[in-house]
Structure formats: C-alpha cells, structure tokens
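1. below are the sequence and a predicted model; questions follow.
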Amino acid sequence: PRPADPLLPAGRGPGNSRTPPTMGPVVSPTAMTDETAEFVTYNEQPKPRVLLAWKGPEVDALQAALDRCAGTVVAISHLSLVRQGDFDVLVTDDLDSITVQGTRPARHLCLLWKGRKRSFGTDQVRTDNKDAAISGIRRVLSASMKVSASPIHADFEQLLNSSLLPAELAQADHLVLDHHWVRSGARSSLHLRPLIATADDEPTAATYERSPTSEGVALPAHAPDIEGWVEVCLRRWARKFGQFPILGGWSDDPRWMTVDQEHVVAAKTDAEIALREATERLEARIEELRTLAEEEQTRAIHGPRRLLEEKGDPLVEAAIVALTTLGYEVTDLDREDEPADGGGKGEDIRLADPDASDFDPVVEVKGYDKGTKGSDIGKVVRHKVRAEAAGRTTDATWWIVNHNRATAPDERPIAFKGEDAMIARESLPENCGLVVIDTRDLFLAAKAVEAGTIEAATIRASLRSASGRWAGLPDDR
C-alpha cells in the first residue's frame, strides 16, 4: 500500500466526506531582501494534532477513538518523517523503534506511550538543564499493587480501578519504571508520579512532566482500553495546558460559554494550576527527604544500629558510643595490651560514673547469632575475679548482650528466657553482681537521652541499682 502522506491525517484524504485539512502556503508579507526575510506560517490542520505510531492489534479501535477526539491524526513509522513542531501529541506502543537516527520526541509533545512486553523503551526529557531518561529497569514479583488516589490523577480514577489494576494483578511479575541522568547513570531529579505501583512503591505506570506545557503518561504492555486512555489524556491535556481545544462538543469551547461559565472554568483552571504547583513542590520536598532518609539509614547502619546487628569489635564500638551518650567516661580496653597475668583477653570496657566515682563495674560485650549461651557466664564472671586479683574493688559485672542478632528486635525473646535461675544472685559467686543488659534496652535508653525525653543521670542510677536483668527504660518516664 502507498505510505501515508505525512501532511494528511491518517485515514482522511481526498474523497472523504470531511473536507481534508490543508497546509496553507508559506507566504511573505514583505518583499525578500538580502538582509531580512519575514514570513507568516499557516497551518490549517485542526487541533489537537496527533502523531500515531502503533503496531499492536488495538490500532483500529485506537484510530476510531482518535477520529472522535482529535482534530488531526498522522500515522508514522518514525519521527524523522515529520516536523514535530506542527503536532501536539504522540501516541505510541514502540517508542524506541520510532526514535531512529537520534530523533527523539520533542519536549513540547504530550506523550502517551505503552511499553512492550520485555521493555518499556526510553523517553528522554530535559530537567534541571540535564537530560534524564525514563525507562523500564527490571522485572519484579509483587502480588500486591497500589493505585494512585492523588487528586492530580483524578482524571484516571475509573480507568485505573476498572481496567488497569485488574490487568496488573493478573500479572506474575511487573516491569517497573525508573529515571536516571543520561550521562552519569545516577538517579535524576525527575518526578515520576505513580499511577500503579508495587507494594514497595515501584511504579509500573506513571505520569511525569516533559516540559511546563506537556506531560508523559507511561503504561505497561498489558494495559487494556488504550482508546479510553487516549480520550481521557486528550481531555486532560486540553484542560491542563490549554494548547489545543477539547473536542467532543461545541459547548466546551470558551467562545460559546456564558460569562459565568468562563469565570467558573477560569477559577477551576487556576485551582488546577495551584494544585499542580503545590504537588510539584511537595514532591520535590518528598524526594529531598527520601534522599536524606537514605543517608540517615546508612549512618544508622554504620552507627547506633550496630548495637542491634553486630558482634565482635563493631558491637563493642557501638556500646562505647551508647554508654558515652549516657554520660559515662568510657575506656576501650580491647585497644590496650593484654593483662600481664597470662589469662588472655580481659573485659571489653572500663567506665567511670560521674555521679558515683567509686562505682566500678566490670563490663563485657558479646554478640550472638542465636540465643545467649549460659556457658559464657563463667567467662564473664572470671573477668571480675581477675579485676579484683589486680587490686580493683568492683561493684558489678555488666554483661551487654546482642542476642538473636539476625532477628528483628521486636521479635527477639528476652535474654535467658526461662532461665532466670541461671542469672539469679543465689546461683552466682558471692558479690558477683551480674547484670545482663540487652542491647535493645541500651539502644532505646541512649536514644531517649539524645531526644531529651529522660535524663542520663536517671538511666545511670537505674543501672547502678540493677540486678539480674536490667529492666531498661522506666515505665513512668
């Protein structure tokens, strides 16, 4: 068949019952000179002018929908065939194949694109004076899906809930969207606004700003009712950006509205603009806070949260930080030479209490992949015996334990659960003063002091008077 003429709407040509749109001549209102040439460009094709690049079986239904709601439709095989500046909208199900020879969709175009089964393709837009790419990054398993309830997506509510959500839930896995800077590959500052997302907030369909007067809508390959999406998008973009009229009835044309109608429509438009601007500000703030949250998460993992996850030297270091937060003067004995008594490594920590200068506990720190080991009690008590043999008068033996460290803190049992007799005063050597301190309680105590909800002196007093198991923060704080 003869290729479509890029200057005529698809399916509309001479002989059609409708008068075919024409491209008026390019004329000069003044004589051309060697110095200047002024032109007036005429384009009589009705708006909205839509470029259609579609390979899927929905093409006939899609063409029929566009005949109803678009002024001009031109079918293309790739973007280099047309002058994009003459058009308002691009609708495609194979974005990559039409962007040959480096020709990408112009920023002013509103874009409705549907991904392929194995790839979304890539849309490249300019933001913050840099090129950002939106594409499908990987497939994920997610039995649960989230639907946008944002007011900015109110136009899509029926399509999302009645057709796209059921189609997503029927999928075994999902191709998710992301965005990155073209040159560096780092995550860009572009704001993807999910229409549908996995349980982990990874979008499988989304909207995003292509320019201040254009929007992109990305849908998965299995999205049904594409003709419904086209009609909703064209109405949405006509209202949102005002670059072309809303087709579907002359009563929507501002020229034939009453004065009161115009006022209401203008107020509605102003409110939509304000909503969009406020949404963009809040989304930018959320993105900023998300970045900060990721940075704080990293700091926590390598800082205070080591009390809950580590063993060995990292756990000792975390315990020293927590005890320092509680106001103790702490010495890391692991960094000093081994005791001269030939008994091997001694206790982990030596501390001084500012409220009780004569209070001198022996402090041992131990992490366990599973539960605490009763056999280690003898090793801990031995540190007290050695300390007193070296001339110290010790008041207690603190055993700081991070047990079941691979289990979530809330799901761990208490240390020595069901074995209270093992750590009871009567079961231990005289004046042993064993106190088992769970690192969860130590973490929460240091956090409360840092937050200012309890005085460090109160925690220190509680630790001085503890016996058996330290109870942690008082209930009446």
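-> That came through, no problem. Residues are numbered from 1 along each chain as shown.

2. which SSE is immediately downstream of the longest helix seen in the chain?
-> In terms of residue count, the longest helix belonging to the chain (DSSP state H) is helix 259-301. Moving toward the C-terminus from helix 259-301, the next helix or strand (DSSP states H and E) is helix 306-309.

3. about what we covered before: could you pull up the mean pLDDT of the longest helix of the chain?
-> Mean pLDDT, computed over helix 259-301, is 86.

4. from the chain's centre, how far out does that helix sit?
-> Helix 259-301 has its C-alpha centroid displaced from the chain centroid by 15 Å (CA atoms, centre = their mean, to the nearest Å).

5. what packs against it?
-> Other helices and strands packing on helix 259-301, by 3 or more CB pairs under 8 Å, 6 or more residues apart in numbering; DSSP states H and E, are helix 226-241. For the C-beta atoms, the positions are set from N, CA and C on the backbone; glycine is no exception.

6. and the helix it packs on, what does it pack against?
-> helix 59-69, strand 89-92, strand 110-114, helix 157-159, strand 214-219, helix 259-301.

7. now the helix or strand just after the shortest one - C-alpha only, PDB.
-> As assigned by DSSP H and E, the chain's next helix or strand after helix 157-159 is helix 165-169. What follows is helix 165-169, C-alpha atoms only, in PDB (Å, rounded to 0.1, in the frame of the first residue of the first chain):
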ATOM      1  CA  LEU A 165      -5.500  -2.600  38.300                       C
ATOM      2  CA  PRO A 166      -7.200  -5.900  37.400                       C
ATOM      3  CA  ALA A 167      -4.700  -6.300  34.500                       C
ATOM      4  CA  GLU A 168      -1.800  -5.700  36.800                       C
ATOM      5  CA  LEU A 169      -3.000  -8.000  39.500                       C
END
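
8. contacts made by helix 165-169 with the rest, please.
-> 145, 147, 174, 196, 204-205, 220, 222-224 (CB atoms under 8 Å, 6 or more residues apart in numbering).

9. mind running it again at 6 Å?
-> 145, 147, 196, 222, 224 (CB atoms under 6 Å, 6 or more residues apart in numbering).

10. take those residues and keep only those in strands.
-> Under the assignment DSSP state E, the contacts of helix 165-169 contribute 145, 147, 196 to strands.

11. ok, now which ones touch the second one?
-> If I follow you right, that is residue 147. In this structure, residue 147 makes contact with 160, 165, 196, judged by CB under 6 Å, 6+ apart.

12. what number of residues lie near the last one?
-> To tie it back to what came earlier, the one meant is residue 196. The number of residues packed around residue 196, counting by other CB atoms under 10 Å, is 23.

13. same question for the first one.
-> The local packing of residue 160 (other CB under 10 Å) involves 18 other residues.

14. excluding covalently adjacent residues, which one is nearest to it?
-> Leaving aside its sequence neighbours, residue 160 sits nearest to residue 147 (CB to CB, 6 or more residues apart in numbering; 5.2 Å).

15. same question for residue 356.
-> Nearest one to residue 356, counting by CB to CB, 6+ apart, is residue 464 at 6.2 Å.

16. on the three-state scheme, residue 180 is what?
-> Here residue 180 is recorded as strand under DSSP: H, G, I helix; E, B strand; the rest coil.

17. wait, isn't it in contact with residue 188?
-> Yes. Counting by CB atoms under 6 Å, residue 180 sits close enough to residue 188 to count as a contact (5.5 Å).

18. which one of these two is surrounded by more residues?
-> residue 188 (21 against 17).

19. was I right about the more buried one contacting residue 181?
-> Yes. Residue 188 sits in contact with residue 181 when judged by CB under 6 Å, with a separation of 4.9 Å.

20. list the residues that contact both of those two?
-> residue 132.

21. re the thing from before, can you add mean neighbour count and distance to residue 123 and give the helices and strands packed on helix 226-241 back as CSV?
-> As requested, the helices and strands packed on helix 226-241 are exported to CSV (neighbours: other CB atoms under 10 Å; distance: least, CB to CB, whole Å):
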stretch, mean neighbour count, distance to residue 123
helix 59-69, 16, 19
strand 89-92, 25, 10
strand 110-114, 24, 6
helix 157-159, 16, 20
strand 214-219, 23, 6
helix 259-301, 12, 18
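
22. can you put those in a markdown table and add distance to residue 170?
-> Below are the helices and strands packed on helix 226-241 laid out as a markdown table (distance: least, CB to CB, whole Å):
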| stretch | distance to residue 170 |
| --- | --- |
| helix 59-69 | 21 |
| strand 89-92 | 24 |
| strand 110-114 | 17 |
| helix 157-159 | 16 |
| strand 214-219 | 15 |
| helix 259-301 | 30 |
